[in-house]
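Chemist: When you get a sec, could you give me coordinates for this:
(one chain, ligands or ions: 1)
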Amino acid sequence: MSRVNTVLGPIPPEELGAVAVHEHIGYGMPGSELDTQWWRMPEEHYEATVPKLRQFREYGGGTFVDVTGICNGRDVDYYKSLSAKTGVHIVACTGFVGGDTALPFFARASVDYLTRHFVHEITVGIGDTGSRAGVIKVGVSRGGRMTELDQRIYRAAARAAATTGVPILTHLAIDAEPAVAIFAEEGLPLDRVLFGHADDGLNSPRTPHEWIFEQGGRIGFDTFGYETEIEDLPFWARPRQERLDHFLRLLNNGHLDQLLVSADANCSPLGWPGVKGHTVNYIFEDLVPDLRDAGVAEATVTKLLIDNPADFLTIRT
Ligand SMILES: [Zn+2]
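Modeler: Sure, this is the predicted structure:
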């Protein structure tokens, strides 16, 4: 039977509904739980997050994929509670946002250890939560080049993906050549990989979009909403129209099957204030209306939000 691992158990892909494929319930850097300025009570996190997920559900959102890696505040028992209360399916990940957010215990680990760890979290469960990871997160460390540790994590992720059938999401699609080489060496078809953050202001100029498509990879325009127009703009912001035009260009070049969209929201940030005025609901409040205004067909919107994510997230046996 086809299935996707959510924190409340496996579900058939037809039940995913509209998917936000790259998001965060709460994201922070390793050690942020020790920060005394920004540490917040669990009640405050619920208070900030529940209304956003309820709104997401009301808009027709079905599934929220949390790609907060190990060491970045991933908290599966909390996700289970949020999912049960709001009715939003939540998919949790194994893996790391990048080598530079892996704590020393993992940073020193071998490919073999990391592979076994990822496979355990996918097939047995994450800690004692009983929840199985539905995706694997990997990424490029700060500096723009894949480090030796990044490559070790990518290789372990490729092996775990090939063994278990869950897909991989990447943080950043820059320096893609070593990544593609590793996936090829490990025999992982590239349609199991979503190269993320291909649209942000900082990285989109350095991302080889067409080359990734040619290799068979999927591309994530997954930072929608981080616009230079917002008051509290982050360093990765990009003009709204420029991002949309770029996306429409790729769509019109025939890449619909390989494109996915998301907002990379941080519902209740850990150890930092986050970006005011940006939520996962940008997808429904701004992106979908923008696509419709640009003349994108309803069937295309459905494919972007429902069919493509279902195809990508379904465990491949
Ligand atoms: Zn992210």
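Chemist: Residue 282: neighbour count?
Modeler: 22 (other Cβ atoms under 10 Å). C-beta: built from backbone N, CA, C; applies to glycine.
Chemist: hang on, isn't it packed against residue 227?
Modeler: No. Counting by Cβ atoms under 8 Å, residue 282 sits too far from residue 227 to count as a contact (9.2 Å).
Chemist: Helix or strand: which one has residue 118?
Modeler: Assigning secondary structure by DSSP states H and E places residue 118 in helix 111-123.
Chemist: Now do that helix: which elements does it pack against?
Modeler: strand 93-95, helix 148-164 (3 or more Cβ pairs under 8 Å, 6 or more residues apart in numbering; DSSP states H and E).
Chemist: Next, the angle helix 111-123 makes with the longest one.
Modeler: Right, the one you point to is helix 148-164. Taking axes from the mean of the first three to the mean of the last three Cα atoms, to 10 degrees, one finds helix 148-164 and helix 111-123 inclined to each other by 50 degrees.
Chemist: Show me which positions of helix 148-164 end up buried.
Modeler: Within helix 148-164, the residues scored as buried using 16 or more other Cβ atoms under 10 Å are 149-164.
Chemist: what about the strands in the stretch 101-250 of the chain?
Modeler: Along the stretch 101-250 of the chain, counting by DSSP state E, counting those that start in this stretch, strands occupy 135-139, 168-171, 193-195, 218-221.
Chemist: now the second one, how far from the chain's geometric center?
Modeler: Relative to the chain's own centre, strand 168-171 is displaced by 7 Å; criterion: Cα atoms, centre = their mean, to the nearest Å.
Chemist: Now do that strand, average pLDDT.
Modeler: Computed over strand 168-171, the mean pLDDT rounds to 98.
Chemist: For it, give me every contacting residue.
Modeler: Identification of contacts with strand 168-171 by Cβ atoms under 8 Å, 6 or more residues apart in numbering yields 21-22, 65, 67, 93, 95, 97-98, 135-140, 157-158, 161, 179, 188, 192-197, 220.
Chemist: rerun at 7 Å
Modeler: Here strand 168-171 makes contact (Cβ atoms under 7 Å, 6 or more residues apart in numbering) with 22, 67, 97-98, 135-140, 157, 161, 179, 192-197.
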